[in-house]
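S.K.: Sequence first, then the predicted structure, then my questions.
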Amino acid sequence: MKLFHLLLCIIVLGGTCSGEDATTYFDKLGGKLYSARNYSESMELFNISLDQNISNVDAWIHKGDAQKVLRDYNGSIGSYNRAIANDGKKAGAWTGLSDAYSAKKDYVNASVASAELTRIDPKNKGYWLKNGTYLQLQGGFESAEADFDRALKIDANYKDALYRKALSQLADDNSSQAIVLLDQVIDLDPKYKQAYNARGLALEAQGKYEKALAAYDRALKKDSKWTQAQVNRAYVLLALGKGKEAADILIRT
C-alpha cells in the first residue's frame with residue numbers, strides 16, 4: 001500500500017518525491033478537503049500522510065481535528081496525544097486536546113491541556129480565557145477569576161474575559177461588582193446578549209425585579225428565541241405576581 005501511495009505521489013507531482021515530500025503533500029491535500037468539509041475523505045489522506053511518516057506532527061493534529069468534527073472524541077484525543085509525543089510545544093495539539101475533552105464534558109483534563117497552552121504562550125489572552133472557563137466549569141471560580149485577570153492584563157477591553165469574570169463575581173454573591181463588569185461588556189458590545197441575561201440575574205439577586213425584567217427583555221431583543229432568557233424572564237414575572245404571563249412563557253418554551 002505504501003508503494004502505491006508513493007507511485008501516486010510521483011504521478012501527481014510529476015517527479016520523484018521523498019517520504020517527507022509525500023507526507024507533506026498528502027497532509028496538505030487532506031487539509032483542502034477538511035476546509036471543504038469533506039471530513040471523512042480528509043481523514044483518508046491524513047492517514048496516507050502518516051503512512052509515509054508516522055512522526056508527522058501536523059498530520060496527527062489535522063487527523064485529530066477531523067475526528068473531533070466527526071465526534072470521534074476518543075480517537076481525536078489519541079491523535080492529539082501522538083502529536084504531543086512528537087512535539088510537546090505544538091499549540092494546535094493542546095488546543096485540540098482541550099476542546100476534545102471539553103466536548104466529552106471532562107473539564108478536568110480539558111483544563112490540564114489548556115494550562116499547557118498558557119505555559120507555551122503566556123501572552124495569548126485567549127489561552128487564559130480558555131483555561132479560566134474550564135476552571136469555572138469545575139466550580140473553581142476564584143482560580144478562574146485569576147486567569148481572567150491575566151487575560152485582562154493583556155487586554156483590558158477583552159469583553160469575553162470581563163463577562164466570565166462577572167460570572168465568577170455572581171457565583172461569589174457579589175452582584176454589584178458583577179453589574180459593573182457586565183456594564184463594561186455592554187459598553188464594548190451592545191449586542192452581547194449574554195451580558196444582558198447575566199445582568200438580569202444580578203439584579204434579580206438584589207431583588208430589583210423590574211430592572212431584571214428589563215435586562216431580560218434587552219437580551220431577548222437581541223435573540224427573541226433564546227430559551228434561557230425566556231425562562232429567566234418567566235421566573236421574574238412570577239416574583240412580580242404575574243403568574244399568567246409567566247406560565248404562558250413556560251408553556252411555550
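M.R.: On my side now, so go ahead. Residues are numbered from 1 along each chain as shown.
S.K.: What strand or helix carries the one residue sitting closest to the centre of the chain?
M.R.: For the chain, the residue nearest the mean C-alpha position is D99 (6.5 Å; C-alpha atoms, centre = their mean). Secondary-structure assignment from DSSP states H and E places D99 in helix 91-103.
S.K.: ok, the residue nearest to the centre of the chain - contacts?
M.R.: Contacts for D99 (C-beta atoms under 8 Å, 6 or more residues apart in numbering) come out as 68, 110. C-betas here are computed from N, CA, C, even on glycine.
S.K.: can you count the residues close to the residue nearest to N124 when sequence neighbours are not counted?
M.R.: Counting by C-beta to C-beta, 6 or more residues apart in numbering, N124 lies nearest to L117, which is 7.2 Å off, once chain neighbours are set aside. By other C-beta atoms under 10 Å, 21 other residues sit near L117.
S.K.: Likewise for K105?
M.R.: Other residues within reach of K105, judged by other C-beta under 10 Å, total 8.
S.K.: follow-up on the earlier one: give the contact list for the residue nearest to N124.
M.R.: 91, 94-95, 98, 124, 127, 130-131.
S.K.: among the residues you listed, which ones are buried?
M.R.: In the contacts of L117, burial by neighbour count holds for 94-95, 98, 127, 130-131, counting by 16 or more other C-beta atoms under 10 Å.
S.K.: Arrange the residues you listed in CSV, one row each, with distance to A219 and pLDDT as further columns.
M.R.: Converted to CSV, the buried ones among the contacts of L117 look like this (distance: C-beta to C-beta, whole Å; pLDDT from 0 to 100):
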residue, distance to A219, pLDDT
W94, 34, 98
T95, 30, 98
S98, 29, 98
Y127, 29, 98
K130, 24, 98
N131, 27, 97
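S.K.: Just give me the closest of those residues to D248.
M.R.: Taking C-beta to C-beta as the measure, D248 lies nearest K130 of those, at 39.4 Å.
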